[in-house]
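Return atomic coordinates for the entry below.
(one chain, ligands or ions: 1)
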Amino acid sequence: MEKQGTILIVDDNTDVLLAAKLLLKQHHKKILTTDNPFDVEGLLNTHQVDVILLDMNFNRDAISGQEGFYWLKKIHTQVPSIAVVLMTAYSDVKLAVEAIKNGATDFVAKPWQNDQLLTVIATALAHAQDKQAINQLSRQTQGLSQALSQPQSEFLGQSDAMLQVFDTLNKAAKTDANILITGESGTGKELTAHAIHAQSTRAHMPFISLDMGAVSGSLFESELFGHKKGAFTDAKMDRVGRFELAHGGTLFLDEVGNMPLDQQVKLPAAIQNRQITPVGGNQPIDVDIRLVCATNDALPQSVVDGQFRQDLLYRINTIEINLPPLRERKEDIPLLVDHYMNIYQQKYRRELALPPSALSTLCEYSWPGNVRELAHTIERAVILSEGSELAIHHVLIAPNTPASAQSNSLLEYDTFDLDVLEQRAIRAALKHHQGNVSHAAKALGLTRGAMYRRLEKYGL
Ligand SMILES: Nc1ncnc2c1ncn2[C@@H]1O[C@H](COP(=O)(O)OP(=O)(O)OP(=O)(O)O)[C@@H](O)[C@H]1O
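From the prediction side, this is the model:
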């Protein structure tokens, strides 16, 4: 077995140091020794020590062990995850208990039994490694939750419809009410979910999201509630579900309308009771979450069609925020164009003026892909414009033609470029299905994943 761990032995008796070193070096990767506890601080600065075997008395006549406690405290202030095993020739149970109470991992009496010392050090090493792993995970989680809870971009709007959205959002964000966000693809549902989290009292806690459109049928329960090792063939170890990960924070279920009916059964009770049971487990776990869901499906209709449970809809839509399509709030277009021009001019180091004719073309266009499409259109225009003005005629396909004519242009074959034809088909399908990506993908014979890859590719 590969030797592991760096052990530091601190004892004023050099015979003890030598004996312990000879024994431990057969089992551990690196052994450091010092007879002077004042050296410890420097050693910890230069080495990644996992375990310290620390004498409790350094003055010949001292037998109280208080010195050991002093150094123990100092070491933990410097490196909290280090495991410290205290040793003394004057052992007694009281001292052992006090050592543990003061944060020692274990205690050995001198002279030691070799087997006993090896076991104590091996256990302390495992303990230290667990602590290091937990520290690393908690740092990761902190970083992740900070990154994830950052609003991805500014949330803009000046139309009456968007002012109404902001008003509802401000009122609802402060409560723990379940919120359902509806709207076509690209209208800003995910952005809204982030804004809710950022304005809630949970802002410093995790924002955990799950795209229900991307989870395969049999894995829903495990994704949401976690599973216990052995719960099913592939469950090789315990797994924490999204509900638990979001504890204290916000759980965002995107594309909630894509959840298969048979997988919806356990969700209403979990939401109602804020309690989940991992697959294969029998202990319910309390979870303190704020639930935000989003969909571009008309869920009441899905209920009528027998595709969505009514009790689930009632649980998730305490407050509903509907994001209107961009074509219904054209007053927002100049603001958004300005915003994305700033972003992309900075990104591509360009300085372009926006001619009034370009702005009016942008305002007249129907934006089936909503704000996402607008952002991508501006980005392409900034890259492709050759003069000192933003030129949009390259990037907006037949911008002034009405939507019906745009889809007919498919039949005219003014080009045989497959990419252009594919783009047009996707735009037409999105238009036809009011921006509903799932429905458009289905109509085009694509999976949602393949559809999203194409939307990304074409910047739609
Ligand atoms: N009001 C807005 N202000 C600024 N940017 C916006 C706004 N609305 C949407 N966006 C931007 O448009 C893009 C699409 O937004 P988002 O992903 O939130 O839409 P969505 O409704 O969740 O889409 P889908 O249903 O396809 O997942 C993002 O880059 C987002 O930052």
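
and the closest residue to the ligand within the stretch 51-200 of the chain, what pLDDT?
Distances between the stretch 51-200 of the chain and the ligand by CB to the nearest ligand atom are smallest at G188, namely 2.6 Å. In short, each C-beta sits where N, CA and C put it, glycine included. Predicted confidence (pLDDT) for G188: 96.

Starting from the helix or strand of the chain with the lowest mean pLDDT, tell me the next helix or strand along the chain.
Lowest by mean pLDDT, DSSP states H and E among the helices and strands of the chain is helix 403-412, with a mean of 41. Remark: after helix 403-412, the chain's next helix or strand is helix 418-432, criterion DSSP states H and E.

For that following helix, output the C-alpha coordinates as CSV.
In CSV, the C-alpha atoms belonging to helix 418-432 read as follows (Å, rounded to 0.1, in the frame of the first residue of the first chain):
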residue,chain,number,x,y,z
LEU,A,418,-27.9,24.1,-45.7
ASP,A,419,-26.8,26.1,-42.6
VAL,A,420,-29.0,29.1,-43.8
LEU,A,421,-31.9,26.8,-44.6
GLU,A,422,-31.6,25.1,-41.2
GLN,A,423,-31.5,28.4,-39.5
ARG,A,424,-34.7,29.5,-41.3
ALA,A,425,-36.4,26.2,-40.4
ILE,A,426,-35.5,26.6,-36.8
ARG,A,427,-36.7,30.2,-36.7
ALA,A,428,-40.0,29.2,-38.5
ALA,A,429,-40.5,26.3,-36.0
LEU,A,430,-39.9,28.6,-33.0
LYS,A,431,-42.2,31.2,-34.5
HIS,A,432,-44.9,28.6,-35.1
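
On the three-state scheme, A203 is what?
At A203, secondary structure determined by DSSP: H, G, I helix; E, B strand; the rest coil is coil.

Touching, it and H197? I think so.
Yes: shown here, A203 and H197 form a contact pair, counting by CB atoms under 8 Å, at 6.3 Å.

Between those two, tell me which one has more neighbours.
H197 (27 against 15; other CB atoms under 10 Å).

right, and the helix or strand after whichever strand or helix holds the more buried one?
Assigned by DSSP H and E, H197 belongs to helix 189-198. The helix or strand immediately downstream of helix 189-198 is strand 207-211, counting by DSSP H and E.

buried stuff in that next one?
Neighbour-count burial for strand 207-211 flags 207-211 (criterion: 16 or more other CB atoms under 10 Å).

K29 reaches K3, doesn't it?
Yes: counting by CB under 8 Å, K3 is a contact partner of K29 at 4.5 Å.

quick one: stretch 262-276 to chain centroid distance?
22 Å (CA atoms, centre = their mean, to the nearest Å).

Give the rounded mean pLDDT of the helix or strand containing L137.
Element membership for L137, per DSSP H and E: helix 114-149. Here helix 114-149 scores 78 as its mean pLDDT.

And stretch 433-453, by the same measure?
82.

swap in stretch 325-342?
On average, stretch 325-342 scores 96.

Could you export it as PDB, CA atoms only?
Extracted in PDB, the C-alpha atoms of stretch 325-342 (Å, rounded to 0.1, in the frame of the first residue of the first chain):
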ATOM      1  CA  PRO A 325     -42.500  38.000 -25.400                       C
ATOM      2  CA  LEU A 326     -40.200  40.800 -26.700                       C
ATOM      3  CA  ARG A 327     -42.500  41.600 -29.600                       C
ATOM      4  CA  GLU A 328     -45.200  42.600 -27.100                       C
ATOM      5  CA  ARG A 329     -42.900  45.100 -25.300                       C
ATOM      6  CA  LYS A 330     -41.100  46.800 -28.100                       C
ATOM      7  CA  GLU A 331     -40.300  49.800 -25.800                       C
ATOM      8  CA  ASP A 332     -37.700  47.500 -24.200                       C
ATOM      9  CA  ILE A 333     -35.800  47.000 -27.500                       C
ATOM     10  CA  PRO A 334     -33.800  50.200 -27.600                       C
ATOM     11  CA  LEU A 335     -32.700  49.700 -24.000                       C
ATOM     12  CA  LEU A 336     -31.600  46.100 -24.700                       C
ATOM     13  CA  VAL A 337     -29.900  47.000 -27.900                       C
ATOM     14  CA  ASP A 338     -27.900  49.700 -26.100                       C
ATOM     15  CA  HIS A 339     -27.000  47.300 -23.300                       C
ATOM     16  CA  TYR A 340     -25.800  44.600 -25.700                       C
ATOM     17  CA  MET A 341     -24.000  47.000 -28.000                       C
ATOM     18  CA  ASN A 342     -22.000  48.200 -25.000                       C
END
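
Thank you, goodbye.
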